[in-house]
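Student: Pasting the sequence and the predicted model now:
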Amino acid sequence: MPAAPGLEAIEPFLREIMDAVEPRERKNLVDKLMRFARRANAQRIAANATPEGGKMAARKTGRAKRGKMFRRIGKASSLKIRTTPDMGELRFSNPLVESTAAVHHHGLEGFVGKTPSGRVIRTKYQARELLGFGKEQELFVDEVLKHLAGD
């Protein structure tokens, strides 16, 4: 399955706009865009949807259904923003949450628990893309244009 086009597809357009804006205004614009990206990603993770809009791979269930995956990861408060006039970074707020998200995002092997005898239980998780741009990419460009128009 081919990867969905990310922000790279509109990067030349955004770079031209950013170069034409003063550094202070550029930082405000980057901050606004990162807030938009945080909200979109948090809503999508909470809904257990991939950036392309499909459902995430279901978890293995050996026991009774335990509810939605990523309850804490899917909150906007779990995603932190750091901005400068030239870049924005969206990352998880807590190292434990960040490592859990990385294991699921990349489909790595992760810690599950321990047996009563103390043996460590690990499992290979199926890849579930958590962060990215999907359908909201067009809205992202609209936010840039609205900001520049003074709305």
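Tutor: Nice, thanks for sending it over.
Student: what secondary structure does the residue positioned nearest the centre of the chain sit in?
Tutor: Of all residues in the chain, the one closest to the mean position by Cα atoms, centre = their mean is Leu131, 2.4 Å from it. Following DSSP: H, G, I helix; E, B strand; the rest coil, the label given to Leu131 is coil.
Student: Would you map the helices across this protein?
Tutor: 11-19, 23-46, 95-106, 137-149 (DSSP state H).
Student: which stretches of the protein have low pLDDT?
Tutor: The model of the chain has pLDDT under 70 over residues 1-7, 9, 61-67, 151.
Student: Just to check, Leu139 is in contact with Ala37?
Tutor: No. Here Leu139 does not reach Ala37: they are 10.3 Å apart, not a contact under Cβ atoms under 8 Å. The C-beta positions use only the backbone N, C-alpha and C, and glycine is treated the same way.
Student: Neighbour count for these two, which is higher?
Tutor: Set Leu139 next to Ala37 and count neighbours by other Cβ atoms under 10 Å: Ala37 wins out with 21 against 11.
Student: Starting from Val21, give me the distance back to the more buried one.
Tutor: 18 Å (Cβ to Cβ, to the nearest Å).
Student: what's the answer for Asn48, then?
Tutor: Using Cβ to Cβ, Asn48 is found at 37 Å from Val21.
Student: Neighbours of Ser78, how many?
Tutor: Ser78: 20 neighbours (other Cβ under 10 Å).
Student: Near the closest residue to the residue nearest to the centre of the chain other than its chain neighbours, how many residues? Count them for me, please.
Tutor: Distances taken as Cβ to Cβ, 6 or more residues apart in numbering put Asn41 closest to Leu131, at 5.5 Å, once the chain neighbours are dropped. By the criterion of other Cβ under 10 Å, Asn41 has 22 neighbours.
Student: got a list of what Asn41 touches?
Tutor: By Cβ atoms under 8 Å, 6 or more residues apart in numbering, the contact set of Asn41 is 79, 90, 130-132.
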